[in-house]
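A.B. asks: return atomic coordinates for the entry below.
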Amino acid sequence: MQKIQCGPVAVPQPHTHGLLPPTGTVLSVYFSEVLCGYGTTRWSPPCTPGQIPGNGQFGTVDQRDLRGNWFNVYICNGSATEESWEPSFTYTGFRFAELHGHGWAPPTKTTLQQRVMHSDVEGQPLPIAQQKLPRTLAGSVAFGTAQSGRKSTTPDPAPAIDGPHCYEGENCSDMNRPTDDGVAVLDQISHNVRWDLIDNLHSVPEDCDQRNERWGWMADASVSAEGNYHYHWMPALYTSWLYSMRDVQVEPNATCATATGSQGDTNVGSDGKANCSGAVGDLTPGRTPAALPGDPSWMFAYPLVYSYQVRYFADMRLGHELWPGIEAYVGFLTSMANRGKSGLISWKKYGDWLEPGKVPSVDIIGEMSSAFNYGQAVRIASDIGHLLGYSPAADAYRQQLKSIQTAFHATFWDDTEQTYGDGTQAALIYPLYLNAVPPALDAMVFDKLVALIYNGTALCDSAPCLDTGIIATKWLMEVLSARGRTDVGLALAFKTDYPSWGYMAAQNATTIWEHWEYMNGDGMNSHAHPALASVGAWLYRWALGLRLNDGALSVPWPPDQPPFAGEQAGCGWRRVLFAPGYTALSCPTSPSVPHRPSLTYVRWVGAGAHGTPGCLPPPAALVRLLDPSRLRGRTAPVASHMHCSALVSICCSPPLPHRPRIHTSGHDASRDFVCVLRLCLNLCARFSR
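C.D. replies: Prediction:
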């Protein structure tokens, strides 16, 4: 019995290699994400005697979280020549493989090999003759390494995509854990997010790659989708997924269940029958555990990913073709809400799933999650409707959004306690992002949210601390940065104790877990799950500060001003906004942000008009530089729109039209930066005095 560590929790195809065994020899390969004895008893029970396959012994594979014994069996034919075999029509997500039956000779590293499998999303599709290995990622971001006084004239490379060389868990050696330096933690988080995302892309974005699901759970995939749009080349896969959602809407044989919320919102009509026209499910595609409709926070994947596809890839064709489906979806929710007493959606199944110490959230947070995502869907219908030219419908949705905002405040505001819902972080994030807080209360509510973060909770190892699940975490980071408090987001990202992404990295995780807790044993304990990987998009959009310049510069938008007003919508990456969440080491260190990595350079990768270096495809991409210290409300421009060639260095290999590839790294501040970063340094000096 031998074990071979296979690096990150990839989705490999293991194949046997170089076997010369006796005829009839049975080889078995067992897979797992974790090993017995390397976990923790803080949240999970230890392995037990009798456990398959290694009797629960220390260092054997632990398959308890896989809901079955995942293994491949090969019976050798006794050939005089080398035998090689790999399974067909299946894949297995794993980090560890354990080989049984190889008793005739010691196995070597080539006895068992892995083949990493996923949908072809690493970069823009190229003809086979032009494809090279290793593939160049569509997006890459790294924040460098700790400086420790070292001066360098070249940027540090992005971290290798192979993960730390140590078993996962609290009993792992300290030697290979990320340091507390903020740069190292951010790099490891970005590494883990990227692997986690691509591990779970197999024709559809799935929830996990190792246990007996591998389904397109909508919430998990939607909150992480914006990260995929930065790390990977996603238009084909997400287009297919969106059209599958539309197919669910028009499926005549779909089973429709009754859905009634605590406030009377229901899909039961005057005829006494449940109506799911326009609804989608909890997952697409896959065997839906329950009939339509899905939880509103899960169904929200439909309009959310639709908006990403239209915005990031300027996909107007898809926008127009799926517009009737988006209207039908919003119409389904509206018909439910109109039957209730609040005008909102309170019906829910899961709520803010997997908050620290919880699985489903408490009822009030579940109801707020549903109402919030109803408002989000209406906002998207208004915004994209304006972009596509459906002005009358878009204007009507804008008015409907105002009604939802008013109803949200009236329903969930507690005037006695001066807070929303139960006063937790999620309860404040939702009204702030939805712009449902009256102006007179807005600053107070936001300050309460920041105070909750810095006060911590009973479950936190230390403050600052988040207390949100897979839904609210995505919007927490956006709310903080859009209101000028990226420093608070960085403080959360720099953490290496529970609960945080850095805590996962500190336990030598190479992907993102399903829970904030390190969990193994029986149950829902995936260690490669995209639901909490939404931080990947935040690293690009706010820590680095690269965002689309399509008018969605900050959230929330003023209710009387369409988000695309005065901006160039429908251009995708041809117009970008650069507003770094932090600037350079030459800036004074903020007491609340102990680590401020420096940006070294921004490189734009684009194909020239004739495929030559030094030019961008017409029309030239434009960059708008914003003052990173003024991110409250609508941000103020420091420099007007300028051609990219005036701001950034240009490289044309490989050709990725309209797509930025970013690498940032710690660096000596005296370096002769390109123009855009010199401007940033000047801004830093001006506003840090």
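A.B. asks: now the longest helix along the chain: average pLDDT?
C.D. replies: Longest helix of the chain, by residue count under DSSP state H: helix 363-388. For helix 363-388, mean pLDDT is 95.
A.B. asks: that one: which residues count as buried?
C.D. replies: 364-388 (16 or more other CB atoms under 10 Å). Quick note: C-beta positions are derived from backbone N, CA and C, even for glycine.
A.B. asks: likewise stretch 390-408?
C.D. replies: Within stretch 390-408, the residues that qualify as buried are 390, 393, 394, 397, 398, 400, 401, 404, 405, 407, 408, counting by 16+ other CB under 10 Å.
A.B. asks: TSV for those residues, including distance to residue 520?
C.D. replies: As requested, the buried residues of stretch 390-408 are exported to TSV (distance: CB to CB, whole Å):
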residue	distance to residue 520
390	50
393	50
394	49
397	46
398	48
400	46
401	44
404	42
405	43
407	43
408	39
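A.B. asks: in helices only, show me these.
C.D. replies: Judged by DSSP H, the buried residues of stretch 390-408 include 393, 394, 397, 398, 400, 401, 404, 405, 407, 408 as members of helices.
A.B. asks: how about the third one: what's its closest non-neighbour residue?
C.D. replies: Yep, that's residue 397 we're talking about. residue 382 (3.7 Å; CB to CB, 6 or more residues apart in numbering).
A.B. asks: contacting residues around that neighbour?
C.D. replies: Counting by CB atoms under 8 Å, 6 or more residues apart in numbering, residue 382 makes contact with 394, 395, 397, 398, 400, 401, 562.
A.B. asks: between the residues you listed, which sits nearest residue 192?
C.D. replies: Closest approach between the contacts of residue 382 and residue 192, by CB to CB: residue 401, at 35.7 Å.
A.B. asks: give me every residue that touches the closest residue to that closest one other than its chain neighbours.
C.D. replies: Nearest residue to residue 401 in three dimensions, chain neighbours excluded: residue 378, at 4.9 Å (CB to CB, 6+ apart). By CB under 8 Å, 6+ apart, the contact set of residue 378 is 330, 333, 334, 397, 400, 401, 404.
A.B. asks: list just the nearest of these to residue 209.
C.D. replies: Closest approach between those and residue 209, by CB to CB: residue 333, at 31.5 Å.
A.B. asks: which residues sit in contact with the nearest residue to that closest one once chain neighbours are set aside?
C.D. replies: Excluding the flanking residues, the one nearest residue 333 by CB to CB, 6+ apart is residue 374, at 5.1 Å. By CB under 8 Å, 6+ apart, the contact set of residue 374 is 296, 333, 337, 344, 345, 404.
A.B. asks: please redo it, this time with the cut-off set to 6 Å
C.D. replies: Contact partners of residue 374, counting by CB atoms under 6 Å, 6 or more residues apart in numbering, are 296, 333, 345.
A.B. asks: gap between the two ends of stretch 199-218?
C.D. replies: Distance across stretch 199-218, first residue to last, is 16 Å (CA to CA, to the nearest Å).
A.B. asks: show me the contact partners of that stretch.
C.D. replies: Residues contacting stretch 199-218 (CB under 6 Å, 6+ apart): 11, 33, 66-68, 93, 118-119, 121, 220-221, 241, 283-286, 298, 301, 526, 528-530.
A.B. asks: please point out which parts of it sit buried.
C.D. replies: 199-202, 204-211, 213-218.
A.B. asks: please apply the same query to stretch 240-259.
C.D. replies: Within stretch 240-259, the residues that count as buried by 16+ other CB under 10 Å are 241, 242, 244, 245, 246, 248, 249, 254, 259.
A.B. asks: and what of stretch 96-110?
C.D. replies: Residues 96, 97, 98, 99, 100, 101, 102, 107 are the ones in stretch 96-110 that count as buried (16+ other CB under 10 Å).
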